[in-house]
Structure formats: C-alpha cells, structure tokens
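[1] Generate a structure from the sequence data that follows.
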Amino acid sequence: MLASQRRSVILELVEESGAVKVSDLVERLGVSDMTIRRDIERLSTDGLLERVHGGALALGDTRSSEEPGFSAKSLLQRAQKQAIARAAAQRVEVGAAIGISAGTTTYELARAVKDIPKLTVVTNSVPVAQLLHESGAPGQTVVLTGGVRTPSDALVGPVAVSSLRSLHVDLLFLGAHGVDDRTGLTTPNLVESETNRALVSSARHVCLLADSSKWGTVGLSTFADLGDIDLFVTDDAFPERARAAVREAVGSLEIAEA
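    All right, here's what the predicted structure looks like:
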C-alpha cells in the first residue's frame, strides 16, 4: 500500500470513529509503529486530524465547544487510564460513599472498585451505573442522577444538579476534558460544567483522574480550579513542568506507572 493510500485509510478510520490508536493501526495496516506515527504526524501537519499521545483524534473533536463521544474517547490512552484507576482505587474503603463523574477514566475507576463491598456510589454516568448494576459486589448501592444525556453519556442539567444538592460523598472521583494551570478543569459542554460543579460541592474530598494528554487542553467552560483538587492522579508521561505547576496548587500529586 502506498503512503498516500495508507493515510487515506487512517483519515477515514479517524473520521468514522472519532479516534484511533497507533497499536490498532499497526495491526490493521501491517506496518511499523514508526510508520504509523509518521503518517499521523503528516496528517496533523496538513490540518486533517489532531495527533495525541498514542493515537489521533478527528479534527472536530479538538474544538473547545465540541465534545467527543464516550466510545471514541475510550479508544485512547487505555493503558494510562487503567493505571490511573488502579492507583486511585486504593483510596476506596469498604462501606464508603463515593462519587464518580462521567468520563472514560472514571469508568475505569468504576471497574477497579466494582468488587469492593458495601459501597454507595453516586454518579451521573450511564456506563458507570450500568457496570456496577451488572457486576458490582454484594451490598453496593448505586445512585444515578437524572438529567439530559450528553454525547459522553453523562446525565446533566437542572435535574442532575437538584439531586446532587441533597447528597454528600466522602470522596469524588472526577474526570475532565482538559486540565491547565491557567484555566483549571474544563469541559466543552456548558450544562455538564454546571453539573460537575454540583458534584464537586457534594464531596468532602476531590480526586482528579486525568491522563497526561489532558494537560494543556482547554474546553469552553471551567468547572473547577486546580486548588479545588485534593489529589491529582495521572500517568508517568505527565510533563515535568506540569508536575511543578500541579504540586503548587493541588494537595497531592500521584503518578501511576502505565
């Protein structure tokens, strides 16, 4: 296959699913990891997609007001997300009341804690609620907020906010579309931003789960400052400059080995 044909296939796959992983492209196209990375870099330079750690995103998904779907985001940084989730899950004790926000990294957190008995889990994530309903340990209680469903399978809006005002959790596991030392935690969805603020307000302690690719990404709306976070768990590709900025603002930074 010629390079131009290969790049056309890559672009078609990205536009179809919203995101692709380098490892999947290597297997599908039968070429080396470095070849795929060069193809992605060329397509990125041409303004046809966005190159991210471990893969590529469709160009529409990079705008500050556009929101990728849950399935598309699930394809990227899976190993990093799982490592972050395993590290964060060590903070969860039997019988605790925890909150889990919508997102793909927080979904991995739900997978990591599903076998802990007697948990009470408050969530606005449809996939998280479904996972724990189907395979959660005995004695677990799942409280799913109502609301309007977003492309990322979050339930948001006035109904969700109203239900969260009367709830209180020991520890909230929070995801974000983007994290930046200047803009804080952001999302492309204004209504989801309001709901995330309500989640933060419901928690005694807040743990942010964000892989290294989220640093420097800025969505349309800020829903929390770095100073609102008690614990930030990320992966070992997190930049050194970012680590210094986070340590100044956040209670604690934990680096998970991916």
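
[2] can you pull the pLDDT of residue 222?
    We note a pLDDT of 95 for residue 222 in this prediction.

[3] I figured it hits residue 182, correct?
    No: counting by Cβ atoms under 8 Å, residue 222 sits too far from residue 182 to count as a contact (9.8 Å). In short, each C-beta sits where N, CA and C put it, glycine included.

[4] These two: who's more crowded?
    More crowded of residue 222 and residue 182, by other Cβ atoms under 10 Å: residue 222, with 19 against 9.

[5] how about that one, phi and psi?
    phi -80, psi 130 (degrees, to the nearest 10).

[6] so what's it up against?
    183, 184, 185, 186, 193 (Cβ atoms under 8 Å, 6 or more residues apart in numbering).

[7] mind listing the helices for the stretch 1-150 of the chain?
    3-17, 22-29, 33-45, 70-74, 78-89, 104-113, 126-135 (DSSP state H, counting those that start in this stretch).

[8] List the contacts of the fifth one.
    When you say that, I think you mean helix 78-89. 21, 53-54, 104-105, 108-109, 111-113, 116, 173, 207, 209-213, 231, 233-235, 237, 254, 256-258.

[9] looking at the helices of the stretch 1-150 of the chain, which is closest to residue 96?
    helix 104-113 (9.2 Å; Cβ to Cβ).

[10] Strands - which of the contacts of residue 222 land there?
    Those of these mapping onto strands are 184, 185, 186, per DSSP state E.

[11] Most neighbours of all those residues, which one?
    Among the ones in strands among the contacts of residue 222, the one with the most neighbours (other Cβ under 10 Å) is residue 185, at 28 neighbours.

[12] Quick check: phi and psi on residue 167?
    Backbone geometry at residue 167, expressed as degrees, to the nearest 10, gives phi -110, psi 150.

[13] State the pLDDT value of residue 241.
    89.

[14] The one 4 residues further on now?
    What the model reports as pLDDT for residue 245 is 93.

[15] Enumerate every residue touching it.
    Residues in contact with residue 245 (Cβ under 8 Å, 6+ apart) are 181, 226.

[16] that older thread, which one of the helices of the stretch 1-150 of the chain has the poorest average confidence?
    Among these, helix 70-74 scores lowest, with a mean of 60.

[17] Excluding chain neighbours, what is closest to residue 140?
    residue 119 (4.9 Å; Cβ to Cβ, 6 or more residues apart in numbering).

[18] what sits against that neighbour?
    Contacts here follow Cβ under 8 Å, 6+ apart; on that basis residue 119 touches 92, 94, 95, 96, 97, 98, 113, 136, 137, 139, 140, 141.
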